[in-house]
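1. please work out how this folds:
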Amino acid sequence: MEKSSFKGGVNNHTTGSGKSDTMAFLANQLRRKHADCTIIVITDRNELDRQIYERFREYEGTFFTLGDLVIIEDINKLKKSLEKEPNQGKIIFALVQKFQDLVDLKENKITFENKAGVFVFIDEAHRSQNLIVDAENKKVSFTATPIEGKTYEEIGPPIHTYSANQAIQNEIIVNIIYEEAYKFLPETH
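-> Residues are numbered from 1 along each chain as shown. Reported below is the predicted structural model:
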């Protein structure tokens with residue numbers, strides 16, 4: 001794989017803007033350039049893991065072929081998937097907590113390499129940003145709410161920003177109006 005100065009960064013896109021689609025499109029472009037690269041999609045909640053996996057599945061036959069997508073549900077399957085040579089060209093979906101379990105298994109250190117490249121997509125990066133990835137590999141994160149003074153410093157510079165205000169202007173999302181509900185409650189003594 002050719003060396004790149006790009007080490008990673010943050011896509012700061014508002015809720016409802018299509019982050020899952022952006023991930024799928026990016027995965028497709030990476031695989032066109034690096035056919036046998038491995039892409040690891042990391043989330044922090046089961047429902048999010050399933051949601052993104054299902055969104056990628058909608059592109060099977062268009063961007064991805066059957067068998068390209070691997071969802072990891074337990075630590076042993078993750079360990080085996082990362083150690084196997086046939087993981088080249090796969091897109092692996094896993095919860096960030098699974099990696100913590102691997103770190104705890106220090107006697108079972110895992111070496112994972114792919115000459116075609118390893119790209120790590122981190123969803124909800126503001127909550128799971130402490131994931132460490134070798135500098136030779138790339139990590140791209142997605143979040144609607146980066147933590148000021150932390151997310152960009154730990155992951156990388158902003159790659160692209162699509163704010164809630166832009167999404168409201170484009171009629172992608174609606175403006176949220178908060179009312180002081182206590183004003184409508186009866187007085188209690």
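
2. per-residue confidence at the closest residue to Ser17 other than its chain neighbours?
-> Closest residue in space to Ser17, ignoring its immediate chain neighbours: Tyr162 at 5.1 Å, by C-beta to C-beta, 6 or more residues apart in numbering. Glycine gets a C-beta too; all of them are placed from N, C-alpha and C. The pLDDT attached to Tyr162 in the predicted structure is 84.

3. in a strand, that's where Val140 is, yeah?
-> Yes: with DSSP: H, G, I helix; E, B strand; the rest coil as the criterion, Val140 is part of a strand.

4. that one reaches Phe121, doesn't it?
-> Yes: counting by C-beta atoms under 8 Å, Val140 touches Phe121, with 5.4 Å between them.

5. okay, these two: which has more neighbours?
-> Remark: of Val140 and Phe121, Phe121 carries more neighbours, 27 against 22, as counted by other C-beta atoms under 10 Å.

6. ok, now which ones touch the more buried one?
-> Counting by C-beta atoms under 8 Å, 6 or more residues apart in numbering, Phe121 makes contact with Met23, Leu26, Ala27, Ile39, Ile40, Val41, Ile42, Lys139, Val140, Ser141, Phe142.

7. so it bridges to which residues?
-> Here Phe121 sits in beta bridges with Val41, Val140, going by DSSP bridges.

8. where are the low-confidence patches of the protein?
-> By pLDDT under 70, the low-scoring segments of the chain are 1-7, 83-87, 99-112, 125-139, 181-182, 184, 188-189.

9. let's see it at 50
-> Counting by pLDDT under 50, the ranges of the chain that qualify are 1-4, 129, 131-136.

10. and the helices in it?
-> For the chain, the helices defined by DSSP state H cover 19-33, 46-57, 75-83, 96-104, 151-155, 164-169.

11. nearest to Thr65, out of those helices?
-> Within the helices of the chain, the stretch nearest Thr65 is helix 19-33; the backing value is 10.2 Å (C-beta to C-beta).

12. is Arg55 in contact with Ala24, as I believe?
-> Yes: the pair Arg55 / Ala24 is scored as a contact, 6.3 Å apart, by C-beta under 8 Å.
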